[in-house]
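>>> Build me a model from this:
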Amino acid sequence: MSAPFAGQVAIVSGAAGGIGLACAMRLAADGAAVLLADVKAGPVAEAAAALADMGRRAKPFAVDLADADAIDGLVAEATSTFGRLDIVVNAAGIQPYGTVVDTAPDVWDRVMAVNLKAAYLIAGRSIPHMRKAGGGAIVNIASVQAFASSRRVAAYAASKAGLLGLTRAIAVDHAAEGIRCNAICPGSVDTPLLRFAAQQTKGSATEEEMIAGWGAMHPVGRVGRAEEIAGLVAFLAGPESLFINGAAITADGGVMAKLGILLPD
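A predicted model of the protein is given here:
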């Protein structure tokens, strides 16, 4: 079995479910030791236990990523447990609904803290350990909404656009140290977050009807799977992508290529 990340250590935030969990499972399957971080203590412990049962090296870490002080502990736990740090996947994200008129300041601040500030803090605490390891890779999970916003997601769209700026800054500042940073911008992917969005916006439709409708907006005719995003994460963290740095790669079934999605017929 191929193990391209054998001997390497990864931190994955938002690892209790959705894209984060898929990324943790893929990196672990490819040989990495993984610290799974999430605010959901029970589910992230179950995810880590499931990986351990499969013979993978995995440990859970319950953390509220809006708590800046707790992030020091997150990185320290990874390095003290596994001895080094090579890969960071910032996959945690929240998406409350609201315009700039009706989004409360405390809601705005929490979205920025979880979706953007946490990525900045985790990267900043991780890079010194990556230097010791001789380099590393950071992959930020952004969104196509960094480019083209849906209605009533002002804080989320702003946070994801900010994540692209952060990605470029890290890529430029640390490339000479062998540390790369890239972002993935998914379209609609079948995750708990997407299903929450369906529940919030479905009106008289069913959740499945909403998701099928969103899938039909993508030229490939469906929403994505978390495992498909995880495969791209593994590529960007691995040795075959060493010349890719500071990129924002869409994984959206072609939705951003389809002008018809933005323009009236």
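
>>> which regions of the chain sit below the pLDDT cut-off?
1, 259-265 (pLDDT under 70).

>>> all strands of it, in order?
Taking DSSP state E as the criterion, the chain contains strands spanning 9-13, 33-38, 58-62, 87-90, 136-141, 179-186, 248-251.

>>> Name the residues of the last one that are buried.
To tie it back to what came earlier, the one meant is strand 248-251. Buried residues in strand 248-251, counting neighbours by 16 or more other CB atoms under 10 Å, are found at 248-251. Just so you know, the C-beta spots here come from the backbone N, C-alpha and C atoms, and that holds for glycine as well.

>>> What pairs with it, parallel or antiparallel?
strand 179-186 (parallel) (DSSP bridges).

>>> Off-centre distance for the strand it pairs with?
Distance of strand 179-186 from its chain centroid, counting by CA atoms, centre = their mean, to the nearest Å, is 9 Å.

>>> Just the buried positions in it, please.
Buried residues in strand 179-186, counted by 16+ other CB under 10 Å: 179-186.

>>> For Ile244, state which of the residues you listed is nearest.
Lowest distance from Ile244 to these (CB to CB) belongs to Asn182, with 5.9 Å.

>>> got a list of what the most centrally placed residue in the chain touches?
Closest to where the C-alpha atoms of the chain average out (CA atoms, centre = their mean) is Ala91, at 2.0 Å. With contacts taken as CB atoms under 8 Å, 6 or more residues apart in numbering, Ala91 has the following neighbours: 12-15, 18-20, 23, 141.

>>> Save those residues as a markdown table, and put in neighbour count and distance to Pro96 too.
Below are the contacts of Ala91 laid out as a markdown table (neighbours: other CB atoms under 10 Å; distance: CB to CB, whole Å):
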| residue | neighbour count | distance to Pro96 |
| --- | --- | --- |
| Val12 | 34 | 23 |
| Ser13 | 29 | 18 |
| Gly14 | 30 | 16 |
| Ala15 | 32 | 21 |
| Gly18 | 22 | 16 |
| Ile19 | 29 | 18 |
| Gly20 | 29 | 18 |
| Cys23 | 32 | 23 |
| Ile141 | 29 | 18 |
